[in-house]
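**Student:** no FASTA, just this:
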C-alpha cells in the first residue's frame, strides 16, 4: 500500500483543510506554506512565482495539462495525477455550476421540450440526439461516450 502524507493548508480558503501527497513527496510539506487558490488548488509562492502542488509533484509538458484522475483537487498523490491534453482534461469535469439540470452534456430545449445530448471531442462538436426524457438522454449520452471512448 502506498503511504500518504497530509499537508496542512492555511489562509482564507484553506484554514483547517489538508491536501495529500504520496510519501515520496513528503518534503513538500516543509517547502510551503501551502494555501488554497480561489479556484481550489493547493499552491505556494516558490522562487518568486506561484506553483500549484500538483505541478510540484508531476511537472507538466508544453501543451499538456495535469489531470486529477478522481477529480479531487486536494488528492495530489502521484498515482492520482496524469498528463493529458486540454481536451482530455475537460472530459473529467462534472456538470457546470450554472447547469440547470446538473447533468453533464445534456441540455433541455424548451421549444421542442426535449433533452439534447452533445459534447466536443478534440475540438469537434458531436450532436448525439434529442430525447423525450432525461433518463433516456442520460442513457444515450453514456452509450455514446462508450462508443467514442470519451
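**Tutor:** All right, it came through fine. Note that the structure is predicted; figures quoted are calculated from it, not measured.
**Student:** contact partners of the lengthiest helix in the chain?
**Tutor:** Identified as the longest helix of the chain according to DSSP state H is helix 134-147. Residues outside helix 134-147 that contact it (CB atoms under 8 Å, 6 or more residues apart in numbering): 101, 103, 105-106, 108, 115-117, 119, 126, 128-129, 131, 150. Backbone N, C-alpha and C define where each C-beta goes, glycine included.
**Student:** and those residues, which two are furthest apart?
**Tutor:** 108 and 150 (21.1 Å; CB to CB).
**Student:** could you list the domains of the chain?
**Tutor:** 4-88, 94-147 (automatic domain parsing).
**Student:** among the ones you listed, which gets the worst mean confidence?
**Tutor:** Ranked on mean pLDDT, the bottom entry among those is domain 94-147, at a mean of 85.
**Student:** returning to that earlier point: got JSON lines for the contacts of helix 134-147, with distance to residue 77 too?
**Tutor:** Listed next are these as JSON lines, based on distance: CB to CB, whole Å:
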{"residue": "101", "distance to residue 77": "32"}
{"residue": "103", "distance to residue 77": "29"}
{"residue": "105", "distance to residue 77": "28"}
{"residue": "106", "distance to residue 77": "32"}
{"residue": "108", "distance to residue 77": "38"}
{"residue": "115", "distance to residue 77": "37"}
{"residue": "116", "distance to residue 77": "37"}
{"residue": "117", "distance to residue 77": "34"}
{"residue": "119", "distance to residue 77": "29"}
{"residue": "126", "distance to residue 77": "33"}
{"residue": "128", "distance to residue 77": "35"}
{"residue": "129", "distance to residue 77": "39"}
{"residue": "131", "distance to residue 77": "39"}
{"residue": "150", "distance to residue 77": "25"}
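**Student:** and the helix or strand hosting residue 118, which strands flank it?
**Tutor:** When elements are assigned from DSSP states H and E, residue 118 belongs to strand 114-121. The pairing partners recorded for strand 114-121 under DSSP bridges are strand 106-109 (antiparallel), strand 124-131 (antiparallel).
**Student:** cheers, nothing more for now.
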